[in-house]
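Engineer: Predicted model and sequence below, questions to follow.
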Amino acid sequence: MTDTATDTTPAPGSRWRLIGPGIVAAATGVGAGDLVATLIAGSMFGYALLWAAVAGTLLKISLAEAVGRWALASGRTIFDGWSSLGPGWFGGRLNWASVYFGVYVVLWGFVYGATAMTASALPLAALLDGTAMALDLKTWAMICGVVGLVLVWFNRYPVFEKLMTGLVAVMFVTVVGLAVIVAPDLPAMARGLIPTLPAGSAFYTLGLIGGVGGTITLAAYGYWIGEKGWRGPAWMRVMKLDNGVGYAVTGVFVVAMLIVGAELLYASNIALARGDRGLLDLDAVLRERFGDVVGVMFLVGFFAASFSSLIGVWHGVSLMFADFWAHMRGRADDASAKGEGSPAFRAYLLWLTFPPMALLFMDRPFGLIVAYGALGALFMPFLALTLIWLLNSSRTPAEWRSGWLSNGMLAAGGLLFCVLAGRELMGLFG
């Protein structure tokens with residue numbers, strides 16, 4: 001976190017005007033893949049898993065609140081916390097958590113870069129197909145990556161936050177508008193808030209609770225708080241409000257897509273492709289049912305969801321890498337070695353953008369995908385369980401350590417993510 005704030009105390013009555021990092025985290029965490037996963041859950045089980053979507057939102061609020069509380073109470077980044085867990089090697093610069101994160105962030109960034117660029121390119125290619133601006137998917141993907149690089153490279157956090165807020169507004173209008181158009185069945189929605197498990201829904205339920213909005217960007221929330229200029233426990237109430245608003249927005253998106261799946265696809269027994277391309281299938285259904293205007297509106301929202309995730313990762317995870325690299329060089333307290341504009345921040349931006357373009361032209365290597373999947377499956381259990389460790393130790397001032405509710409939510413999240421990780425690993429190595 002860079003030390004750019006001059007006043008570390010929020011003005012009375014200003015909390016609602018100050019929110020922002022939570023919106024950034026919500027926009028980054030909810031990508032096209034999350035929307036289609038929720039859509040498929042609605043198409044298969046109707047409103048029966050609505051309660052799981054709400055439970056997942058509450059779980060993410062608890063996790064992000066823990067990340068923000070650690071940052072404000074301790075005055076340290078999450079990587080500072082990780083680097084204090086267990087014995088250190090090489091002069092204290094490395095420990096087990098540092099090694100895991102370093103390998104994960106490099107490998108994850110290489111594969112995620114190609115995934116994010118492709119997801120952003122899909123709606124653009126569909127929107128402009130048959131026009132003078134028609135380009136193939138790979139070209140659009142590279143354009144999206146470079147545009148994201150430029151936007152993050154040449155702007156600082158205040159501009160970045162405004163851009164992300166604008167993309168969230170587009171997502172809100174299109175996704176929620178789509179849910180209104182398909183006319184939700186309110187009594188069925190009310191019944192869906194009662195926990196049930198339809199036949200064959202167990203892992204869909206766990207995925208819905210643990211998956212949407214649950215990525216490395218939860219850990220980046222503490223860095224965005226720092227870039228916003230929030231310092232110290234005086235900002236705790238602002239952070240809690242900001243986090244709650246951000247993940248309430250996430251919950252609205254999840255519920256809206258579940259409504260679309262339940263109303264548009266479940267009754268008609270329409271199946272979608274897995275992954276981001278399932279949203280292109282939905283576009284075809286929407287155009288047939290409601291006309292091209294609704295289809296275009298949906299594709300614009302699809303792009304906003306995908307591109308906000310891209311630039312959110314380009315910014316947030318680059319901050320995390322810069323912090324990691326500063327620790328590796330023994331410059332953890334040097335603001336010039338990390339944060340926006342630092343050489344490590346920009347190096348990781350380049351890593352996210354250009355090397356992954358090679359994956360756009362080839363089938364992804366099996367060994368790389370297995371390693372990426374294995375490390376990725378372990379990140380959320382790693383985050384939840386290390387937060388329990390940090391927030392119940394002397395590293396956190398006694399006043400701000402976790403109580404029974406926070407510990408219970410973090411433990412439930414850790415257990416859930418361990419189950420999901422086990423399932424993912426079994427799929428990879430089975």
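Structural biologist: Now that the structure is in, tell me what you want to look at.
Engineer: which stretches of the chain have low pLDDT?
Structural biologist: Low-confidence regions of the chain, defined here as pLDDT under 70, cover residues 1-8, 11-14, 88, 90-92, 132, 211-214, 267, 271-277, 363-373, 430.
Engineer: Please repeat the previous calculation with a cut-off of 50.
Structural biologist: Low-confidence segments of the chain, defined by pLDDT under 50, are located at 2-7.
Engineer: and G295, how many neighbours?
Structural biologist: G295 sits with 20 neighbouring residues when counted by other CB atoms under 10 Å. To be clear about C-beta, it is placed using only N, CA and C from the backbone, and glycine gets the same treatment.
Engineer: what's the answer for G46, then?
Structural biologist: Summarising burial for G46: neighbours were counted as other CB under 10 Å, giving 22.
Engineer: right, and it touches M189 too?
Structural biologist: No: with contact defined as CB atoms under 8 Å, G46 does not count as touching M189 (9.9 Å).
Engineer: Surely A219 touches V67?
Structural biologist: Yes: distance between A219 and V67: 6.1 Å, which falls inside the contact criterion (CB under 8 Å).
Engineer: Find residues that contact each of those two.
Structural biologist: Counting by CB atoms under 8 Å, 6 or more residues apart in numbering, the residues touching both A219 and V67 are I78, L383.
Engineer: What separation is there between the spatially most central residue of the chain and F45?
Structural biologist: For the chain, the residue whose C-alpha lies nearest the mean C-alpha position (CA atoms, centre = their mean) is G29; its distance is 1.8 Å. Note on G29: its distance to F45, by CB to CB, to the nearest Å, is 23 Å.
Engineer: ditto for W16
Structural biologist: With distances taken as CB to CB, W16 is found 36 Å from F45.
Engineer: now swap in F307 and tell me
Structural biologist: The span separating F307 from F45 equals 30 Å under the rule CB to CB.
Engineer: Could you do K228 as well?
Structural biologist: K228 sits 39 Å away from F45, taking CB to CB as the criterion.
Engineer: Also N269?
Structural biologist: The gap separating N269 from F45 is 13 Å, by CB to CB.
Engineer: Repeat that for D34.
Structural biologist: Applying CB to CB, the value for D34 to F45 is 17 Å.
Engineer: Which residue ranges of the stretch 51-200 of the chain form helices?
Structural biologist: In order along the chain, the stretch 51-200 of the chain carries the following helices (DSSP state H, counting those that start in this stretch): 78-83, 96-128, 137-153, 157-171, 177-181, 186-192.
Engineer: which parts of the fifth one are buried?
Structural biologist: Within helix 177-181, the residues that qualify as buried are L178, A179, I181, counting by 16 or more other CB atoms under 10 Å.
Engineer: Which one of the residues you listed is nearest to F303?
Structural biologist: Out of these, the one with the shortest distance to F303 is L178. That distance is 14.2 Å, counting by CB to CB.
Engineer: hang on, isn't the closest one packed against V260?
Structural biologist: Yes: between L178 and V260 there is a contact at 5.6 Å, judged by CB under 8 Å.
Engineer: Tell me what angle the host helix or strand of A219 forms with helix 157-171.
Structural biologist: Under the criterion of DSSP states H and E, A219 resides in helix 217-228. Note on geometry: by axes from the mean of the first three to the mean of the last three CA atoms, to 10 degrees, helix 217-228 and helix 157-171 are set 130 degrees apart in direction.
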